[in-house]
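Enquirer: take this sequence and fold it.
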Amino acid sequence: MQETAKSVSEFVTLALSLAETDITLYRGQSDVWPLQPKLARVKQRDGVSKTDLESALMKDLKNQSLGLLDINPPTEWDWLALAQHHGLATRLLDWTTNPLVALWFAVREPAKVKKGGKERLPGIVWGFNPAHKDYADPDGALGPYDVTKTTVFRPKHVTRRIVAQAGWFTVHRYDPGKKDFTTLEHIGRLKPRLRSALIPGESFSEIRDDLGRMGVSHASMFPDLDGLCKDILWNHTLLEDE
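Expert: Modelled structure (predicted):
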């Protein structure tokens, strides 16, 4: 039976019940879509494979971003983390060790409305309990493009957003047979370690307001001028469901 949380207090109780290992990762989504990295969801041009697209995106990022960076990422793992947190499509999927951060990402915008009706669709917060053997070794010989199985990666603090969001990632293996990146909930060895809680669409507004009172907002999640401006705007206006 699918668990449901209609308030922050209900969610905290559920989040604790989802935790079964020393480190539990959480991911909030405004809709119940598959646990796939963005690179699996974008549409590439004809004749271009997902891995070709990945190589082209990272090459352009490296060539064009150095004048915009405070640091030069020293490893491919660091470049991937930087790319992911600035919106580029990568083989990484975002997670956090802070369940309230995950909840905020699930409810930060009004819930979608069911097609042809007025019912608001639920969001979801996933809990993932990785085993020790599931962790990547960024200091080892294997690079992120060489992973033979989907693994968990704790990034260095290369951006303020990673720090603010207590960010972790899953690094998704490329499946040559399917010509795409793996979907986490379809991986037999990892599926038993996944749990989830639905967040009713009608509860988004109240939960968002309560999280704001607890200091979880655009300003705290995105510690830059963009995040501050979005938070100021939200404090003086109303979203569609408020």
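
Enquirer: this structure: helices as residue ranges?
Expert: Along the chain, the stretches classed as helices by DSSP state H are 8-18, 38-41, 50-65, 76-85, 99-107, 160-164, 204-213, 218-221, 225-236.

Enquirer: pull out the buried positions in the second one.
Expert: Going back to what we said before, that points to helix 38-41. Within helix 38-41, the residues that count as buried by 16 or more other Cβ atoms under 10 Å are 38-40. Every residue, glycine included, has its C-beta placed from N, CA and C.

Enquirer: same for the helix-or-strand element of the chain with minimal mean pLDDT, what does it pack against?
Expert: Averaged element by element with mean pLDDT, DSSP states H and E, the chain has its least confident helix or strand at helix 160-164 (a mean of 91). For helix 160-164, the contact count by 3 or more Cβ pairs under 8 Å, 6 or more residues apart in numbering; DSSP states H and E identifies helix 76-85, helix 218-221 as packing neighbours.

Enquirer: buried residues in it, which are they?
Expert: Buried-residue list, helix 160-164, by 16+ other Cβ under 10 Å: 161-162, 164.

Enquirer: which one, of the helices of the chain, ends up nearest to Glu185?
Expert: Across the helices of the chain, Glu185 has its closest neighbour in helix 38-41 (12.9 Å, Cβ to Cβ).

Enquirer: let me have the helices and strands packed on helix 160-164 in TSV, extended by distance to Ala19 and mean neighbour count.
Expert: Below are the helices and strands packed on helix 160-164 laid out as TSV (distance: least, Cβ to Cβ, whole Å; neighbours: other Cβ atoms under 10 Å):
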stretch	distance to Ala19	mean neighbour count
helix 76-85	24	22
helix 218-221	21	19
